[in-house]
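Participant: pasted the sequence and its predicted model underneath.
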There are 2 protein chains.
Amino acid sequence: MEATTHIEQALAAAIESVTVPGCPPRLAEAVRHAVLPGGARVRPRLCLAVAAACGQPDSPAAMAAAVAIELLHCASLVHDDLPCFDDAPLRRGLPSVHRAFSEPLAILVGDALIILAFEHLARSLADQPTLLAPILLTISRSVGMPHGITAGQAWECESEVRVEDYHRAKTGSLFTAATASGALAVGSDVAAWSLVGDKIGEAYQVADDLRDVAASVQELGKPVGRDAVLNRPSAAGELGIDGAIAKLRSLVAEAIEAIPDCPGRAQFAEVLKAEARRILPKELAQRAGAWM
Amino acid sequence: MEATTHIEQALAAAIESVTVPGCPPRLAEAVRHAVLPGGARVRPRLCLAVAAACGQPDSPAAMAAAVAIELLHCASLVHDDLPCFDDAPLRRGLPSVHRAFSEPLAILVGDALIILAFEHLARSLADQPTLLAPILLTISRSVGMPHGITAGQAWECESEVRVEDYHRAKTGSLFTAATASGALAVGSDVAAWSLVGDKIGEAYQVADDLRDVAASVQELGKPVGRDAVLNRPSAAGELGIDGAIAKLRSLVAEAIEAIPDCPGRAQFAEVLKAEARRILPKELAQRAGAWM
């Protein structure tokens, strides 16, 4: 999962293409604040890694999908951070968009990024029209209703929720879209790569739960994290820390198992293991031992 | 601009396709509340009227565009109504989405409707791939940055704004997208029909300003409307009531003038005049005289 520089450049170019003179300047500034400079870019790196594993590291269609997915991810973060949801003061070490700009601008930034994601796909894939519909559908389903991240966030507004449904929609769906759209871009096995994405998304969610607990142990001296405060379902809460680590371990193994035959299969597996080590909290890595 | 029943059916079908079992039930209910049963459906009727004027009243591509445009319009209304924008208690005679459900659900409904609009386009036009990119781009530009309705709403967050830029983005852009995508759907003259849409959008905005003032005259006994309260640019505020009526009159004439040659040119002109009569407030129609 390299290519981070290319991803940053492509994201910047997509934003520059619409934040031209004539765009409300504060909206343009807030959009840049929301996306650049960014986070780990896990999802777009995953999308490009699939294309690379299939022998097409420079697929323009995969890059188009990667950019759209990251824009949608950033949109969801901006809206999730709003006062009526998480009321998060910080994001990626900077003030969240509504704190740095305003709540109205944060809502509009999210809307504008969702729109830009689809516009970018249409613009980038206009000359490959038979790819546009399937890639767009794969990505839109991963963020919309009934099972995308918007639906995932909406489960927080329900009185009853199954933890699996919540996580699969809120987190897993965009990972699955990343591998599936990478596979679509290069004509590889979409079903197989979707399964890889499912497992990675689940693993990432478990690691996220573990990070949440680990951070709380450090900060508060007791294992009550933000998810618990917000009364969210959490793997670490349900399985305990050791159970969650075991779950993470088996999910990574299942993801590797699910990789279809392709020129870069072995390398992709190594990348997955490295990524799993990266996302596991240091405090817990010792506890997990040298399993990855 | 008939076909309202078909539009309602198509909107209901688009929503039903994603609010299936597995979708968070309150989100599904809030989405239906936001879209069904709806308003005047002016924009989708306009899109279909262009296709009909060009001899294709049953164009599936035009219907796909019409549905996407109305979903995006509804999304913008739900977000505009939020407490941090207009704080509107009512919409179409019912509680606004954030009042009927919650602010979190209103934000998610807007997001979900934007996503559904593009997903619906991709699904409906998957078998006409060469139409998908141009129609999607036309529609996405009309709602995104730099000149779409999201940007229009963002002008309210700027200290300086030109009234024309504000109205063109906030209201005009989606009218232009309606005529342009109708023309794209049936292979007609996009530039000419875009100009028709520009003029209709401008006329609609002037009529809206006039309605705002007229409603305030009735309710408050003085011509200070919601736009003035919110310190928004308004044609009625800038030109006076008689000036705004004259402006509306000339815009409708310019729209009719701009209609390109097509089998239904005369009928489209009649529809426009009837629509202009419909949207002009009764209190002001007398003042305007029998000019339409």
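Facilitator: Perfect, thanks for sending it. Since this is a predicted model, take the numbers as computed values, not measurements.
Participant: tell me the residues of the stretch 151-292 of chain A that contact chain B?
Facilitator: For the stretch 151-292 of chain A, the contact set with chain B under C-beta under 8 Å from any C-beta of the partner chain comprises A:Ala151, A:Gln153, A:Ala154, A:Trp155, A:Glu156, A:Cys157, A:Glu158, A:Asp165. To be clear about C-beta, it is placed using only N, CA and C from the backbone, and glycine gets the same treatment.
Participant: what average pLDDT does the helix or strand containing the third one get?
Facilitator: For A:Ala154, the enclosing helix or strand under DSSP states H and E is helix A:149-154. Throughout helix A:149-154, pLDDT has a mean value of 97.
Participant: which elements pack onto the helix ranked longest in chain A?
Facilitator: Secondary structure of chain A per DSSP state H: the longest helix is helix A:190-220. Secondary-structure packing of helix A:190-220 (3 or more C-beta pairs under 8 Å, 6 or more residues apart in numbering or on different chains; DSSP states H and E): helix A:42-53, helix A:173-186, helix A:226-229, helix A:235-258, helix A:265-279, helix A:282-288.
Participant: can you add mean pLDDT and mean neighbour count and give those helices back as CSV?
Facilitator: Listed next are these as CSV, based on pLDDT from 0 to 100; neighbours: other C-beta atoms under 10 Å in any protein chain shown:
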stretch, mean pLDDT, mean neighbour count
helix A:42-53, 97, 27
helix A:173-186, 98, 28
helix A:226-229, 59, 15
helix A:235-258, 88, 19
helix A:265-279, 90, 17
helix A:282-288, 69, 15
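Participant: right, and those helices - which one's nearest B:Glu275?
Facilitator: Smallest distance to B:Glu275 across those (C-beta to C-beta): 41.1 Å, for helix A:173-186.
Participant: and the closest one, what does it pack onto?
Facilitator: The helices and strands touching helix A:173-186, judged by 3+ C-beta pairs under 8 Å, 6+ apart, are helix A:42-53, helix A:60-80, helix A:129-143, helix A:149-154, helix A:190-220.
Participant: same list, these, but as a markdown table with distance to B:Asp80 please.
Facilitator: A markdown table is the format used below for the helices and strands packed on helix A:173-186 (distance: least, C-beta to C-beta, whole Å):
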| stretch | distance to B:Asp80 |
| --- | --- |
| helix A:42-53 | 30 |
| helix A:60-80 | 16 |
| helix A:129-143 | 22 |
| helix A:149-154 | 19 |
| helix A:190-220 | 34 |
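Participant: count the residues that sit near A:Ala68.
Facilitator: The number of residues packed around A:Ala68, counting by other C-beta atoms under 10 Å in any protein chain shown, is 31.
Participant: now it. Nearest residue, chain neighbours left out?
Facilitator: Spatial nearest neighbour of A:Ala68, chain neighbours left out: A:Ala117 (4.1 Å); criterion: C-beta to C-beta, 6 or more residues apart in numbering or on different chains.
Participant: let me see the contact set for the one you found.
Facilitator: Residues counted as contacts of A:Ala117 (C-beta atoms under 8 Å, 6 or more residues apart in numbering or on different chains) are A:Val67, A:Ala68, A:Ile69, A:Leu71, A:Leu72, A:Ala75, A:Ile139.
Participant: which of these lies closest to A:Ala266?
Facilitator: Minimum distance to A:Ala266 across the contacts of A:Ala117 is 25.1 Å, recorded for A:Ile69 (C-beta to C-beta).
Participant: what's near enough to touch the closest one?
Facilitator: Each residue near A:Ile69 by C-beta under 8 Å, 6+ apart is listed here: A:Arg43, A:Pro44, A:Cys47, A:Ala117, A:Ile139, A:Ser142, A:Leu174, A:Ala177, A:Ala178, A:Ser181.
Participant: how near is it to B:Thr130?
Facilitator: 25 Å (C-beta to C-beta, to the nearest Å).
Participant: can you verify my assumption that A:Gly148 contacts A:Ser142?
Facilitator: Yes. Counting by C-beta atoms under 8 Å, A:Gly148 touches A:Ser142, with 5.0 Å between them.
Participant: quick one on the thing from earlier: the longest helix of chain A vs helix A:129-143, what angle?
Facilitator: Angular relation of helix A:190-220 and helix A:129-143 on a 0 to 180 degree scale: 40 degrees, by axes from the mean of the first three to the mean of the last three C-alpha atoms, to 10 degrees.
Participant: so for helix A:190-220, what's the average pLDDT?
Facilitator: Averaging pLDDT along helix A:190-220 gives 84.
Participant: distance from it to the middle of the chain?
Facilitator: Between the centre of helix A:190-220 and the centre of its chain there are 10 Å (C-alpha atoms, centre = their mean, to the nearest Å).
Participant: thinking again about what came up before, weed out the non-buried ones from the contacts of A:Ala117.
Facilitator: A:Val67, A:Ala68, A:Ile69, A:Leu71, A:Leu72, A:Ala75, A:Ile139 (16 or more other C-beta atoms under 10 Å in any protein chain shown).
Participant: look up the closest residue to the first one, ignoring the ones flanking it.
Facilitator: When you say that, I think you mean A:Val67. Spatial nearest neighbour of A:Val67, excluding adjacent residues (C-beta to C-beta, 6+ apart): A:Ala10 at 4.9 Å.
Participant: check the gap between the one you found and A:His98 for me.
Facilitator: When distance is defined by C-beta to C-beta, A:Ala10 is 26 Å away from A:His98.
Participant: between these two, who's got more neighbours?
Facilitator: A:His98 (24 against 21).
Participant: you'd agree that one is up against A:Ala106?
Facilitator: Yes. Counting by C-beta under 8 Å, A:Ala106 is a contact partner of A:His98 at 3.7 Å.
Participant: which neighbours do these two share?
Facilitator: Shared contacts of A:His98 and A:Ala106, defined by C-beta under 8 Å, 6+ apart, are found at A:Val78, A:Asp81, A:Leu82.
Participant: which of those residues lies closest to chain B?
Facilitator: Distances from chain B to the shared contacts of A:His98 and A:Ala106, taken as C-beta to the nearest C-beta, are shortest for A:Leu82 (6.7 Å).
Participant: isn't the closest one right up against B:Leu108?
Facilitator: No. With contact defined as C-beta under 8 Å, A:Leu82 does not count as touching B:Leu108 (10.7 Å).
Participant: these two: which has the busier surroundings?
Facilitator: Remark: of A:Leu82 and B:Leu108, B:Leu108 carries more neighbours, 30 against 21, as counted by other C-beta under 10 Å.
Participant: how about the contacts made by the closest residue to that one other than its chain neighbours?
Facilitator: Of all residues not flanking B:Leu108 in the chain, A:Ala154 sits nearest, at 4.9 Å (C-beta to C-beta, 6+ apart). For A:Ala154, the contact set (C-beta under 8 Å, 6+ apart) comprises B:Pro24, B:Arg26, B:Leu27, B:Pro104, B:Leu105, B:Leu108, B:Ala112.
Participant: skipping its backbone neighbours, what lies nearest A:Gln56 in space?
Facilitator: Nearest to A:Gln56 is A:Val186, by C-beta to C-beta, 6+ apart, at 4.4 Å.
Participant: equivalent analysis for A:Ala122, please.
Facilitator: Nearest one to A:Ala122, counting by C-beta to C-beta, 6+ apart, is B:Leu136 at 4.2 Å.
Participant: alright, that wraps it up for me.
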